[in-house]
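> got a sequence here, can you model it:
(one chain, ligands or ions: 1)
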Amino acid sequence: MPLSATSDRDRHSQDPQPALPKATFNFRCIGCGSVISNAAQDFRCSRCDNLLEITDPSWKLLSPRAAPLKTLWRERRSSNAALDLSGVWRFRELLPMPESERHVVSLREGNTPLYELPRCSRLTGVLRLYAKHQGMNPTGSFKDTGMTVASSFARQAGHRWVACASTGNTSASMAAYAARAGMRSLVLVPEGKVSWSKLSQALDYGALTCQLRTDFDGCLRLLQELVRRAPVYQLNSINPFRLEGQKTLAFELLEQLDWEPPDHIIVPGGNLGNSSAIGKALLEMRDVELISHLPKLSVIQAEGANALVRTLREAEGKQLIRVQAETRATAIRIGNPASWEKAVRVIQATGGACEEVSEVEIAQAKAEIGAEGIGCEPASAVTLAGLKRFVRSGFVKPGESVVLVLTGNLLKDPDFTMEFHRGDLFPVAPGDAGDRLNPLRHPPVVLDASLEAVIQALERAEKSGPAHPNV
Ligand code: F0G
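Numbers count the residues shown, from 1 in each chain. Below you'll find the predicted structure:
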């Protein structure tokens, strides 16, 4: 198959889109600090093989002008200009910019809601508790905020093929943005460990979807070899443009909180790109004086996929302890996280922590977020489960404000939700799990199609008390 670097972007080349200010960003190695203007296909430092991040000297110059930026960003919310309609490009002063607007691939990502969580607040005793719901993005996960930036640079460079290894959400997002940009996309996913919901998105958007007989870590390893051999552009979070887009979650969150930083931000951890991106944004916002102090950024993992937890506990964050990952929260079923060093740095720089939670805690927390009328996918629910542990240990105090980052939409993993409500998720429920989970279950009932049967069902439900009895 010929894989050439000429792309369908040529059909956009006549667009009368304005040129943007000349890009001034560079790539900096997070290990040896080398600064380069062009990155190789694997986005690794040619000297020490560590990951690259994006820096831009122009961001530092924003410092005395930071306050007017807040007004400018807010004003853009009432503009109908294409870049302003995106909750990512609205913050373009702190992002790497393509050469021209015609390269920008956008599905109007970002601008996601910040919800109060009154029930979970009563459950945890944390009075100021919020959820930043990234599952409300166009393809249903936070990946879209990074994908708009990285796919724009892929289009600018004229790539014909983009590729990723994925537990599902990255592939759905990449396939959508590639389709919008007229690029082809290659998806590598672990066979049998990706929800149909996510896989079906990639199929509809037209990706070449390969289900590999391995886990996510095996897929990512193979992709790293592939990008050295074939002209495909990788859109995993090793690609630092992804993390730049994902920074905007933090910009937008602070804007929604009128620039008053919360005490804690809690995020799920898988390959650790998202926590790294949010941490980078917090540090940059502090450096340009958009915020006066840093929230503590904490990462929660599933017990069965706890590489970062062990790395911090057993190796003080100095070397990665890999694990053989297993969890029903398949989005974070990752044992060899690529961005672990970036994540360790931002957790330490912000005074955050790292915690693990059990499968039962995840299922319970997911149902409790559902009971708010919001819902999320299992990987996102680790944040509430982790918060409960933090409250018990005293790391989070009831008087502090907390933001949970919900990374994926409830509709992303219907199998998990159905199994939970039918009571099939834990065939042998450990310990007192049944007592904790049963009141949260709402299994469907099959009835004869008669008025009487429905009225009886209503009466039974009324007798058994409120839908969510514990709060
Ligand atoms: N939550 C969801 C819903 C995810 O899909 C992922 C990662 C994470 C949390 C963890 O974020 O990897 O940046 O630490 N999903 C990737 C994927 C790996 O392929 O969709 P992370």
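> the stretch 101-250 of the chain: strands as residue ranges?
114-116, 128-133, 161-165, 184-190, 208-212, 232-234 (DSSP state E, counting those that start in this stretch).
> residues making contact with the first one?
When contacts are defined by Cβ atoms under 8 Å, 6 or more residues apart in numbering, strand 114-116 is touched by residues 129-133, 253, 256-257, 372, 374, 403. Backbone N, C-alpha and C define where each C-beta goes, glycine included.
> ok, 7 Å please
Strand 114-116 has contacts (Cβ atoms under 7 Å, 6 or more residues apart in numbering) with 130-133, 253, 256, 374.
> are any of the residues you listed buried, and which?
Neighbour-count burial (16 or more other Cβ atoms under 10 Å) is assigned, among the contacts of strand 114-116, to 130-133, 253, 374.
> which among those gets closest to residue 351?
Lowest distance from residue 351 to the buried ones among the contacts of strand 114-116 (Cβ to Cβ) belongs to residue 253, with 17.9 Å.
> my guess is that closest one meets residue 134, correct?
No: Residue 253 is beyond contact range of residue 134, at 10.1 Å (criterion: Cβ atoms under 7 Å).
> ok, the residue most central in space within the chain to residue 58 distance?
Nearest to the mean C-alpha position of the chain, counting by Cα atoms, centre = their mean, stands residue 142 at 4.0 Å. With distances taken as Cβ to Cβ, to the nearest Å, residue 142 is found 26 Å from residue 58.
> what does the stretch 301-450 of the chain put close to the ligand?
331-332, 377, 379-380, 407-408 (Cβ under 6 Å from any ligand atom).
> residue 324 falls within a strand, correct?
No: counting by DSSP: H, G, I helix; E, B strand; the rest coil, one finds residue 324 to be coil, located in no strand.
> how far away is it from the ligand?
From residue 324 across to the ligand, the span is 17 Å (Cβ to the nearest ligand atom, to the nearest Å).
> that residue and residue 302, how far apart?
13 Å.
> more crowded one of these two?
residue 302 (30 against 11; other Cβ atoms under 10 Å).
> check contacts around that one.
327, 329, 332, 356-357, 362, 382.
> CA atoms of the helix or strand bottoming out on mean pLDDT in the chain as PDB?
For the chain, counting by mean pLDDT, DSSP states H and E, helix 57-60 ranks last in confidence among helices and strands (a mean of 86). Below are the C-alpha coordinates for helix 57-60, written out as PDB (Å, rounded to 0.1, in the frame of the first residue of the first chain):
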ATOM      1  CA  PRO A  57       9.100  31.800  25.100                       C
ATOM      2  CA  SER A  58       6.200  34.100  24.100                       C
ATOM      3  CA  TRP A  59       4.000  32.700  26.900                       C
ATOM      4  CA  LYS A  60       6.300  34.100  29.500                       C
END
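> list the buried residues of it.
residue 59.
> start at 11 instead
Right, with 11 as the first residue, what we last looked at is helix 67-70.
> who touches it?
In contact with helix 67-70 (Cβ under 7 Å, 6+ apart) are residues 34, 104, 294, 297-298.
> just stretch 103-119 next, same as before
22, 25, 27-31, 33, 35, 64, 66, 69, 72, 79, 92-93, 95-99, 147-148, 154-155, 158-159, 161-163, 165-166, 186-187, 190-191, 251, 254, 261, 294.
> cool, and stretch 391-410?
With contacts defined as Cβ under 7 Å, 6+ apart, stretch 391-410 is touched by 130, 134-137, 273-274, 276-278, 310-312, 339, 363, 365, 367, 371-372, 375-376, 378-379, 412, 414-416.
> try stretch 431-444
So stretch 431-444 is in contact with 370, 373, 429, 447, 451-453, going by Cβ under 7 Å, 6+ apart.
> straight-line length of it, end to end?
Its start and end residues considered, stretch 431-444 measures 12 Å (Cα to Cα, to the nearest Å).
> state the mean pLDDT of that stretch.
The predicted model assigns stretch 431-444 a mean pLDDT of 88.
> buried stuff in it?
Here stretch 431-444 shows 431, 435-436, 439, 443 as buried, counting by 16+ other Cβ under 10 Å.
> just to revisit the earlier point, I'd like the buried ones among the contacts of strand 124-126 as a markdown table, with distance to residue 46 and pLDDT appended.
Formatted as a markdown table, the buried ones among the contacts of strand 124-126 follow (distance: Cβ to Cβ, whole Å; pLDDT from 0 to 100):
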| residue | distance to residue 46 | pLDDT |
| --- | --- | --- |
| 140 | 39 | 98 |
| 141 | 39 | 98 |
| 142 | 33 | 98 |
| 143 | 37 | 98 |
| 263 | 31 | 98 |
| 384 | 43 | 97 |
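> residue 263 sits in which helix or strand?
helix 258-266 (DSSP states H and E).
> who touches that helix?
Counting by Cβ under 7 Å, 6+ apart, 83-84, 97-98, 101, 104, 120, 124, 142, 144, 152, 155, 271, 288, 291-292, 295, 300-301, 413, 415 sit against helix 258-266.
> tell me if that helix is near the ligand.
No: shown here: helix 258-266 not in contact with the ligand (Cβ under 6 Å from any ligand atom), separated by at least 11.1 Å.
> can you give me the angle that helix makes with strand 138-143?
140 degrees (axes from the mean of the first three to the mean of the last three Cα atoms, to 10 degrees).
> how far off centre is the helix or strand that helix 258-266 is followed by?
Following helix 258-266 in sequence order, the next helix or strand is strand 274-278 (DSSP H and E). Here the centre of mass of C-alpha atoms in strand 274-278, compared against the chain's by Cα atoms, centre = their mean, to the nearest Å, lies 11 Å away.
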